[in-house]
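Asker: Using only what follows, build the 3D model:
(2 chains)
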Amino acid sequence: NAGVTQTPKFQVLKTGQSMTLQCAQDMNHNSMYWYRQDPGMGLRLIYYSASEGTTDKGEVPNGYNVSRLNKREFSLRLESAAPSQTSVYFCASNIRGQSSYNSPLHFGNGTRLTVT
Amino acid sequence: AQTVTQSQPEMSVQEAETVTLSCTYDTSENNYYLFWYKQPPSRQMILVIRQEAYKQQNATENRFSVNFQKAAKSFSLKISDSQLGDTAMYFCAFAPYSGSARQLTFGSGTQLTVLP
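Answerer: Sure thing, here's the model as predicted:
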């Protein structure tokens, strides 16, 4: 039982390059999330997927796209990377039922992305 | 919209002593969850403790306890008998009971260092 697995752990991109961050969970969670973490700003939600087949924008979605490939996998794509997207990215998952947070978030180990 | 404020960017404590981390929040919701997450140098985000607003009793998990003051909108974390492994960034977070996933809001974090 690996929990939430993110790849890669580190990545350096040049401005304008594209890449996809991969995330998979093996806990049968229905909801998955992508956050970015910047110094002094906590974690901010980029996109989330409440259930398989649905995705919604979070607080800071500009410059990103997501795909909920199946119940296990939720990827984040940067089509044309910019220096402002230098950050640490976290994938998370949980079970959501009638209330918003029936279970706490389980996080991956993060991806440190640098855009030069 | 909710806001979560952690006014102490950095704190330190001697091993075996007690430390309290502060968190205040602003919301018009009556039912909600509050969380403390820990992020050690490994970058893994770990749930420390959770409090449901309708419960008057303060949550406790081993050496970690909270002081939840609903009227004051305050949610502090007390760590007793601090250990070197408690060195981490601590995030306070708020989630409305019946809101959408995008309404989980994190504070900016407090870096705690436990000194030997």
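Asker: Can you check the pLDDT for residue 98?
Answerer: I'll assume chain A. Per-residue confidence for residue A:98 comes out at a pLDDT of 46.
Asker: Sorry, I should have been clearer: chain B.
Answerer: On pLDDT, residue B:98 comes in at 68.
Asker: and if you look at the one 5 residues further on?
Answerer: The pLDDT attached to residue B:103 in the predicted structure is 70.
Asker: Does it touch residue B:96 like I think?
Answerer: Yes: the pair residue B:103 and residue B:96 qualifies as a contact (C-beta atoms under 8 Å) at a distance of 5.3 Å. Backbone N, C-alpha and C define where each C-beta goes, glycine included.
Asker: Who does the residue nearest to residue B:74 when sequence neighbours are not counted form a beta bridge with?
Answerer: If you skip the residues right next to it in sequence, residue B:74 has residue B:24 as its closest partner in space, 5.3 Å away by C-beta to C-beta, 6 or more residues apart in numbering or on different chains. Counting by DSSP bridges, residue B:24 forms beta bridges with residue B:5, residue B:74.
Asker: quick one: residue B:24 from residue B:7, how far?
Answerer: Taken as C-beta to C-beta, to the nearest Å, the spacing of residue B:24 relative to residue B:7 amounts to 8 Å.
Asker: Tell me where the chain is predicted with low confidence.
Answerer: Because you didn't say which chain, this covers chain A. Within chain A, the set of residues satisfying pLDDT under 70 comprises A:1, A:96-103.
Asker: looking at chain B here, not the other one
Answerer: Scanning chain B for pLDDT under 70 picks out the ranges B:98-102.
Asker: quick check, the helix or strand hosting residue B:11 touching chain A?
Answerer: If you go by DSSP states H and E, residue B:11 is part of strand B:10-14. No: shown here: strand B:10-14 not in contact with chain A (C-beta under 8 Å from any C-beta of the partner chain), separated by at least 11.4 Å.
Asker: neighbours of residue B:55, just the number please.
Answerer: Taking other C-beta atoms under 10 Å in any protein chain shown as the criterion, the count of residues near residue B:55 is 10.
Asker: Could you do residue A:68 as well?
Answerer: 20.
Asker: right, and it touches residue A:54 too?
Answerer: Yes: checked against C-beta under 8 Å, the pair residue A:68 and residue A:54 is within contact range at 7.1 Å.
Asker: May I have the phi/psi pair for the residue positioned nearest the centre of chain B?
Answerer: Of all residues in chain B, the one closest to the mean position by C-alpha atoms, centre = their mean is residue B:36, 3.2 Å from it. Residue B:36 adopts backbone torsions of phi -120, psi 130, taken as degrees, to the nearest 10.
Asker: which non-adjacent residue is nearest it?
Answerer: Nearest one to residue B:36, counting by C-beta to C-beta, 6+ apart, is residue B:48 at 4.3 Å.
Asker: do residue A:71 as well
Answerer: Of all residues apart from its sequence neighbours, residue A:52 sits closest to residue A:71 (C-beta to C-beta, 6+ apart), at 4.7 Å.
Asker: Spit out the contact partners of that neighbour.
Answerer: Contact criterion C-beta atoms under 8 Å, 6 or more residues apart in numbering or on different chains gives A:30, A:68, A:70, A:71 as the residues in contact with residue A:52.
Asker: Would you map the strands across the chain?
Answerer: All of this is about chain A. Counting by DSSP state E, the segments of chain A that form strands are A:4-7, A:10-13, A:19-25, A:31-37, A:43-49, A:56-57, A:64-68, A:74-78, A:87-94, A:106-107, A:111-115.
Asker: hm, I was asking about chain B
Answerer: Secondary structure of chain B, counting by DSSP E: strands at B:3-5, B:10-14, B:19-21, B:24-26, B:32-39, B:46-52, B:60-61, B:64-69, B:74-79, B:88-96, B:105-106, B:110-115.
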